[in-house]
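Have a look at this prediction, sequence included:
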There are 2 protein chains.
Amino acid sequence: MYDGIVQELIDELGRLPGVGPKSAQRIAFHIIQTESFDVSRLAHVLQTVRERVRFCELCGNVGESERCGICTDPRRAQDTICVVEEPKDVVAIERTREYKGLYHVLGGALNPMNGVGPDQLRIQGLLSRLQDDTVQEVIIATDPNVEGEATATYLIRTLQPLGITVSRLASGLPVGGDLEFADEMTLGRAFEGRRQLH
Amino acid sequence: MYDGIVQELIDELGRLPGVGPKSAQRIAFHIIQTESFDVSRLAHVLQTVRERVRFCELCGNVGESERCGICTDPRRAQDTICVVEEPKDVVAIERTREYKGLYHVLGGALNPMNGVGPDQLRIQGLLSRLQDDTVQEVIIATDPNVEGEATATYLIRTLQPLGITVSRLASGLPVGGDLEFADEMTLGRAFEGRRQLH
């Protein structure tokens, strides 16, 4: 509908996840009309990100060198590995400042319907990290949905024979939420996981 | 929270309108993880758009030359000008295939609170297009909100002394909508603008 390059920009932006045709148009006109918008900086960052970003060869997290900042940090507890699906889960957990151990990023969750089996995930890499008996506990922090639960179940079965403590993040009512608005699954989990008060 | 360049990309994406921190993160990881995503094409289009896109010197629409495709099209009726706020309004009207005349893009609407007065809009350019008596009708198609209505009122007052027919797009119930869900303003306008059936 637009002349040449404007439509090209809208099309390119529309390829991004969560950006529909309307948002793409809005973003395109923002870029065209806002004098102060630094197009070359965005273009440069886009190029650089592809060249520089790599996945940590040990844990699979994103970084700019062979090993990520967490894997190379000697202050992190070397005896605990928290298993997550995606790099953004690492960031979410880091934000809590509760966890001081290492991570292992699977790169997704089991989803046989979409062709994601154990071989498509970084599970072999996790097993080889458990060889030398440094790791005492593996905390499974996959998403609390169908795929995440399936992945957790698979991991528990695979890791238990190794004699390592395997734990799973608690499911229950979100803090600050209203009990009446919780779905049945969450409320069911909250009952299942209830803790005795002394 | 992320290492260097990843966070830079998230920050840059977060500057786009309608892209919050969560979407920025999602888009960034899509760009990083999707092998098939052509980063250099997006980067290239971003650069080119700034170099090539200009505003039509006559009507203010976006294009790639001094005059836009509509202003230079001899098949368009030269005696009617439709006044809109933004280039995207031109595209919306073109999509209806109802209108065959010319456009004039104001570049916004009157909004004294944000420092947008008549001098900030392309109103002088509109007046000079009406000098040579070619134009017989000006259709005001600013948005049906407070700023758009204020702009329409201002334009009607400015144009009426010139002896040109000035009209305003009809307000009323949206086609395909439910009367019971219409807000009072819209319903009020629909009554005001009711048409007698023969």
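Cool, got the structure. Numbering: from 1, shown residues only, chains lettered A, B, ... in the order given.

can you give me the helices for chain A?
Listed in chain order, the helices of chain A (DSSP state H) span A:4-14, A:21-33, A:39-52, A:87-96, A:123-129, A:146-159, A:184-192.

Output those as CSV; include the columns mean pLDDT, mean neighbour count and distance to residue B:111.
Bear in mind the C-beta positions are built from the backbone N, C-alpha and C, glycine included. Compiled in CSV, the helices of chain A are given as follows (pLDDT from 0 to 100; neighbours: other CB atoms under 10 Å in any protein chain shown; distance: least, CB to CB, whole Å):
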stretch, mean pLDDT, mean neighbour count, distance to residue B:111
helix A:4-14, 87, 19, 25
helix A:21-33, 88, 19, 16
helix A:39-52, 85, 17, 26
helix A:87-96, 87, 17, 38
helix A:123-129, 95, 15, 57
helix A:146-159, 92, 17, 48
helix A:184-192, 80, 13, 45
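
nearest to residue B:57, of those helices?
Closest to residue B:57 of the helices of chain A, according to CB to CB: helix A:21-33, at 16.1 Å.

Which strands or helices does that closest one pack on?
The helices and strands touching helix A:21-33, judged by 3 or more CB pairs under 8 Å, 6 or more residues apart in numbering or on different chains; DSSP states H and E, are helix A:4-14, helix B:39-52, helix B:87-96.

quick check: angle from the first one to helix A:21-33?
Here helix A:4-14 runs at an angle of 130 degrees relative to helix A:21-33 (axes from the mean of the first three to the mean of the last three CA atoms, to 10 degrees).

and helix A:4-14, how far out from the chain's middle?
30 Å (CA atoms, centre = their mean, to the nearest Å).

and that helix, does that touch chain B?
Yes. With CB under 8 Å from any CB of the partner chain as the measure, helix A:4-14 is seen reaching chain B through A:4-6, A:8-9, A:12-13.

So which residues make contact with that helix?
Contact partners of helix A:4-14, identified using CB atoms under 8 Å, 6 or more residues apart in numbering or on different chains, comprise A:1-2, A:19-21, A:23-25, A:27-28, A:31-32, B:41-42, B:45-46, B:48-49, B:52-53, B:62, B:64.

rerun that using 10 Å as the cut-off
Residues outside helix A:4-14 that contact it (CB atoms under 10 Å, 6 or more residues apart in numbering or on different chains) are A:1-2, A:19-29, A:31-32, B:16, B:27, B:38, B:41-46, B:48-53, B:62-64, B:69, B:87, B:91.

And the last one, by the same measure?
Defining contact as CB under 10 Å, 6+ apart, one finds that helix B:87-96 is touched by A:1-2, A:6-7, A:10, A:22, A:25-26, A:28-29, A:32-33, B:53, B:55-56, B:59-63, B:68, B:70, B:82-84, B:86, B:99, B:101, B:103-107, B:139, B:141-143, B:169.

For the residue most central in space within chain A, give its distance to residue A:154.
Taking CA atoms, centre = their mean, the centroid of chain A lies closest to residue A:86, which sits 2.3 Å from it. Separation of residue A:86 from residue A:154 (CB to CB, to the nearest Å): 17 Å.

Equivalent analysis for residue A:69, please.
29 Å.

Next, the contact list for the residue nearest to the centre of chain A, please.
Per CB under 10 Å, 6+ apart, neighbours of residue A:86: A:60-62, A:92, A:105-109, A:142-143, B:29, B:33.

Of the residues you listed, which one scores lowest on pLDDT?
Lowest in pLDDT among the contacts of residue A:86 is residue B:33, which has 80.

doesn't residue A:49 make contact with that residue?
No. Applying CB atoms under 10 Å as the test, residue B:33 and residue A:49 come out as separate, 11.1 Å apart.

what residues are up against the residue of chain A found nearest chain B?
Closest residue of chain A to chain B, CB to the nearest CB: residue A:43 (4.1 Å). Applying CB under 10 Å, 6+ apart to residue A:43 gives the contacts B:12, B:39-40, B:42-50.

What's the local residue count around residue A:63?
The tally of other residues near residue A:63 (other CB atoms under 10 Å in any protein chain shown) stands at 24.

go on, residue A:56?
Residue A:56 has 23 nearby residues by other CB under 10 Å.

ok, now which ones touch the residue nearest to it when sequence neighbours are not counted?
In this structure, residue A:56 finds its nearest non-sequential neighbour in residue A:68, 3.7 Å apart by CB to CB, 6 or more residues apart in numbering or on different chains. Counting by CB under 10 Å, 6+ apart, residue A:68 touches A:54-62, A:87, A:90, A:102-103, A:105, B:3.

Hmm, residue A:165 is touching residue A:80, no?
Yes. The pair residue A:165 / residue A:80 is scored as a contact, 9.2 Å apart, by CB under 10 Å.

which neighbours do these two share?
Shared contacts of residue A:165 and residue A:80, counting by CB under 10 Å, 6+ apart, come down to A:135-139.

Next up, the contacts around residue A:111.
A:117, A:120-121, A:146-148, A:150-151 are the contacts of residue A:111 under CB under 10 Å, 6+ apart.

a markdown table please, covering the residues you listed and showing distance to residue A:176.
A markdown table is the format used below for the contacts of residue A:111 (distance: CB to CB, whole Å):
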| residue | distance to residue A:176 |
| --- | --- |
| A:117 | 37 |
| A:120 | 36 |
| A:121 | 32 |
| A:146 | 25 |
| A:147 | 26 |
| A:148 | 22 |
| A:150 | 29 |
| A:151 | 28 |
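
how much space between residue A:186 and residue A:171?
7 Å.

and for the two, which residues touch both?
Common neighbours of residue A:186 and residue A:171 (CB under 10 Å, 6+ apart) are residue A:144.

Run through the residues that contact the residue lying closest to residue A:165 once chain neighbours are set aside.
Leaving aside its sequence neighbours, residue A:165 sits nearest to residue A:137 (CB to CB, 6+ apart; 4.3 Å). Counting by CB under 10 Å, 6+ apart, residue A:137 makes contact with A:77, A:79-82, A:101, A:164-167.
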